[in-house]
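Chemist: Structure for the following, please:
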Amino acid sequence: MDVFVSQYDCIQRTRESLFNYCEALLPADYVKDLDSFGGDSIRSLHAHVADCYWTWLGIRALGKPIHHLQPKSVNDVQEMREVFRKTDAIVHEFLNEFHGKWDHPIEVSLKVGSMETTPLWLFTHTITHEFHHKGQIVKIGRQLGYTPPDTDLIEPHFVRNRT
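Modeler: Residues are numbered from 1 along each chain as shown. All right, here's what the predicted structure looks like:
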């Protein structure tokens, strides 16, 4: 078993529950900018998460010529699902490229200069970044009057009854 592929599978499952939740929102609420969140919307946070994967794993680690994602280029949850299908492909390419080389230093370009890091750091950065913003998305939904599902990684097939 490849632990990072399995870990990303778990992330995709919790992301799916968040997408299902977002599909239950009014379309206008998905794209509504909230002053209490610095003018961000659920859509803009979703786009920001995808763009983080694209930037750190796609552009910086893999050297792919990817353009940054503009939130307003995505109109609804279905289009955001498509964005994340592209994101999943980038993540899986990254996982294949760096398989077994998680602690080998690599040089990545930044806007100004470069930095040395490891594939493990890049993967950890992007997935923890997604979970940080997942919490914000749930919080925005609550502010808009919606009751979110449990989007944590607790799933019945992982939980064993200890008696």
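
Chemist: Would you mind confirming that Q143 makes contact with S36?
Modeler: Yes - using Cβ atoms under 8 Å, Q143 is in contact with S36, at 6.5 Å. For glycine as for every other residue, the C-beta is placed from the backbone atoms N, C-alpha and C.

Chemist: Between those two, point out the one with more neighbours.
Modeler: More neighbours surround Q143 than the other of Q143 and S36, with 13 against 9 (other Cβ atoms under 10 Å).

Chemist: Give me the distance between that one and C22.
Modeler: Look at Q143 and C22: by Cβ to Cβ, to the nearest Å, they are 14 Å apart.

Chemist: cool, and G145?
Modeler: For G145, the distance to C22 equals 14 Å [Cβ to Cβ].

Chemist: which of those two has more neighbours?
Modeler: A count of neighbours by other Cβ under 10 Å puts C22 above the other of G145 and C22, at 22 against 9.

Chemist: Tell me if I'm right that the more buried one and I42 touch.
Modeler: Yes - look at C22 against I42 with Cβ under 8 Å: they come within range, at 6.3 Å.

Chemist: which residues do these two both contact?
Modeler: Common contact partners of C22 and I42 (Cβ atoms under 8 Å, 6 or more residues apart in numbering): 30, 137, 141.
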